[in-house]
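need coordinates for the following:
(2 chains)
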Amino acid sequence: MLPACGDNMAAPVRIILEFGGGAELLFDGMKKHHVTLAGQEQPWDIKQLLVWIQRNLLKERPELFVQGDSVRPGILVLINDADWELMGELEYQLQDQDNIVFISTLHGG
Amino acid sequence: FWSKEMSEDVSSLKAQLEEKKNEIAILSRKLAQLEKGQTSAPELHHKVTSLNPLTEKPALSREDILRYSRQLLLPELGVRGHLNISKTSVLIVGCGGLGCPVAQYLAAAGIGRLGLLDYDEVELSNLHRQVLHGEENQGQAKALSAASTIKRLNSSVECVPYHLQLTPDNALQLVQQYPHITSVVAIATSSNNVPTRYLVNDSCVLSGKPLVSASALRMEGQLTVYNYQGGPCYRCLYPVPPPPETVTNCSDGGVLGVVPGIMGCFQALEVLKMASGQGSSCSQQLVMFDAQDSRWRSIRLRPRQPDCAVCGEKPSVTRLVDYEAFCGSAATDKCRKLNLLSKDQRITVQEYKCLLDTASPHLLLDVRPLVEVDICSLPFSLNIPLSGLAERKEDNLLLLRDRISQLKQQMAGDCQPAVYVICKLGNDSQTAVQVLEKMMSGSELSNFTVKDVIGGLMAWATIIDPTFPQY
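Presented below is the predicted three-dimensional model:
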């Protein structure tokens, strides 16, 4: 049975989070996370997602992932295989089944 | 007095001697020519000098047709495409894991000129991925070693090996040396530190050259063509450099040699497409390769940014700047040294050796990851990886408490037990000391004195025990 939602409550959002380029090392080396974000009045956006990740997935050294309310320089955010700059960055509203990728730039060779 | 006969003998001998002298001169010339031909090993450049324009080939020779027949048959390339390739100059910044395959495939395909830049010498730990260098090249300048191998592969390719570090003072002059005949000039970079990446990017933007950039680490690779056909430059994507402590290099993170091999081949492919006239399809694209999952992924990037500091509408960077200051890190691929602790919180490897020699009771805590402990370790050390400490994993803490209380029992009176923390180079060990001190002040651990060993196990290997492995 689906949980009853209040009139103003949006349904939970199921998304796939991925970390790569070394960013996965901050998440126990796990590259792919299937995540359900609880229903809330306002739609989820990337800014809120970053807070959620810090509270629920990121355990140590948050400074290696976030800076202020955004990601730290050197991490590229991809929304459904596109640069987040094309999608509204922090303001992008998450849709069910979205694929959000955090890629740390590599510097080896 | 000489008789008539004698003087005849003398003049005959003189004539014979003259003849032999001529023969020797001819042989010496022949030998010199042969030796010159064989060791036409390219001359190593220690500074940027101006190069002569490439001589343009009007048509393919019979030998060219035979040599390049398989690529001439490609409708996408054809004779025109091949001739374009033979007129192209490419500067390769870094002759390492990426630069080697780039140079190899460009040379094999008949590129006109290759600038091969590297300031390093060949080391044993390079050979698993830097495939142009051999065992006999150890200690040789990488640029020269790469150029000699390339010459053996294709003697018609002009190689210019540069044994120098790219700096804001020489970069622009060097990059501008690679604009010959065709308008397509690609700079392939495999330089793996952040200041050099910004330096190469800005040099390319300021001289209007595309940049075929790739990187590889552990089991992953990334590739983008910057500053090409309206696409973004590196600064459009990364306007602010990453904090230095977030950057991992190959000697820290490790890399499987074939991964930069694949990415370097990919760079060579894009350069050849651009040089031949087909164009690259990687502008405004980030191609990511995950070698673990055998997965390629192509990401659509933002276009050129109007507010970009170097390629935007009102650029603030109009000449090369101080990139080490901009990035807050050195333009070197060597490991950086942290300084988190005060002098009295650290001991040298010599001091630690004295502790061992006097059998002073203590605990040596090795905070490297297990994969490194498997390579080598000191037999009496206790291994708890830094991540396990930082995350306060319960079984790790239990182990540590146990060993400290054992130590306390061995000691007389109310002496504080001593813990010495060691890692590979003496960076993580400092972080670990801070973590442990925090745990003591939070009463998670009983009190002990804790210090780290300066320079870590690699200092131990160089200064105290030369039989200890280095990696």
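
assign the residue of the stretch 301-450 of chain B found nearest chain A to helix, strand or coil.
With CB to the nearest CB, the shortest gap between the stretch 301-450 of chain B and chain A falls at B:Arg302, namely 4.0 Å. All C-beta atoms are positioned from the backbone trio N, CA, C, and that covers glycine. Three states are possible here, and by DSSP: H, G, I helix; E, B strand; the rest coil the one that applies to B:Arg302 is coil.

roughly how far apart are it and B:Leu269?
With the distance defined as CB to CB, to the nearest Å, B:Arg302 ends up 24 Å from B:Leu269.

repeat that for B:His362.
B:His362 sits at a distance of 56 Å from B:Leu269 (criterion: CB to CB).

cool, and A:Ile53?
With CB to CB as the criterion, A:Ile53 and B:Leu269 are 36 Å apart.

A strand includes A:Phe19, no?
Yes. Under the criterion used here (three-state DSSP), A:Phe19 sits inside a strand.

count of neighbours near it?
Around A:Phe19 sit 24 other residues, with neighbours defined as other CB atoms under 10 Å in any protein chain shown.

follow-up on the earlier one: what about the residue lying closest to the residue of the stretch 301-450 of chain B closest to chain A once chain neighbours are set aside, neighbour count?
Distances taken as CB to CB, 6 or more residues apart in numbering or on different chains put A:Glu85 closest to B:Arg302, at 4.0 Å, once the chain neighbours are dropped. Neighbouring residues of A:Glu85 were enumerated by other CB under 10 Å; the total is 17.

now A:Glu85: phi and psi?
The phi/psi pair for A:Glu85 (degrees, to the nearest 10) reads phi -60, psi -30.

and A:Ile53 and B:Leu269? Which one has more around it.
Here A:Ile53 and B:Leu269 are compared on neighbour count by other CB under 10 Å; more neighbours surround A:Ile53, at 22 against 18.

follow-up on the earlier one: and the residue nearest to B:Arg302, how far from A:Leu76?
9 Å.

show me the contacts for the residue in chain A that chain B sits nearest to.
For chain A, the residue closest to chain B is A:Gly74, as judged by CB to the nearest CB, at 2.7 Å. Going by CB atoms under 8 Å, 6 or more residues apart in numbering or on different chains, A:Gly74 touches A:104-105, B:238, B:241-243, B:246-247.

and if you look at B:Val225?
Residues counted as contacts of B:Val225 (CB under 8 Å, 6+ apart) are B:210-213, B:231, B:270, B:274, B:280, B:282-283, B:285.

let's see 10 Å
Applying CB atoms under 10 Å, 6 or more residues apart in numbering or on different chains, one finds that B:Val225 lies in contact with B:186, B:210-214, B:231-232, B:267, B:270-271, B:273-274, B:279-285, B:287.

go on, B:Ile85?
With contacts taken as CB under 10 Å, 6+ apart, B:Ile85 has the following neighbours: B:68, B:71, B:77, B:106, B:109-112, B:182, B:184, B:271-277.

how about it, phi and psi?
Per-residue torsions, B:Ile85: phi -60, psi -40 (degrees, to the nearest 10).

thinking again about what came up before, buried only: go through the contacts of B:Ile85 for me.
For these, a burial check counting by 16 or more other CB atoms under 10 Å in any protein chain shown picks out B:68, B:71, B:77, B:106, B:109-112, B:182, B:184, B:271-277.

for burial, what's the neighbour tally of the closest residue to chain A within chain B?
For chain B, the residue closest to chain A is B:Pro242, as judged by CB to the nearest CB, at 2.7 Å. Applying other CB under 10 Å, we find 21 other residues in the vicinity of B:Pro242.

quick one: secondary structure of it?
Going by three-state DSSP, the secondary structure assigned to B:Pro242 is coil.

for it, give me its contacts.
Under the criterion of CB under 10 Å, 6+ apart, the contact list for B:Pro242 reads A:64, A:67, A:72-75, A:104-105, A:107, B:194, B:327-329.

circling back to that earlier point, what pLDDT does the residue nearest to B:Arg302 get?
In the predicted model, A:Glu85 carries a pLDDT score of 93.

how close does it sit to B:Gln229?
With distances taken as CB to CB, A:Glu85 is found 18 Å from B:Gln229.

same deal with A:Asp96?
36 Å.

pLDDT weak spots in the chain?
I'll assume chain A. With pLDDT under 70 as the threshold, chain A has low-confidence stretches at A:1-8, A:109.

meant chain B actually
B:1-2, B:33, B:36-41, B:179-192, B:248-252, B:330-336.

for burial, what's the neighbour tally of B:Gln16?
B:Gln16 has 10 neighbours, counted by other CB under 10 Å.

now it: which helix or strand?
In this structure, B:Gln16 is located in helix B:4-38 according to DSSP states H and E.

for A:Asp28, what are phi and psi?
When quoted as degrees, to the nearest 10, the phi and psi of A:Asp28 stand at phi 60, psi 30.

could you do the one 3 residues further on as well?
Note on A:Lys31: backbone dihedrals following degrees, to the nearest 10 are phi -80, psi -30.

ok, it - how many residues close by?
By other CB under 10 Å, the residues close to A:Lys31 number 16.

spatially nearest residue to it, not counting backbone neighbours?
Closest residue to A:Lys31 in three dimensions, ignoring its sequence neighbours and counting by CB to CB, 6+ apart: A:Glu24, at 4.7 Å.

the one you found touches A:Met30, doesn't it?
Yes. Between A:Glu24 and A:Met30 there is a contact at 6.2 Å, judged by CB atoms under 10 Å.
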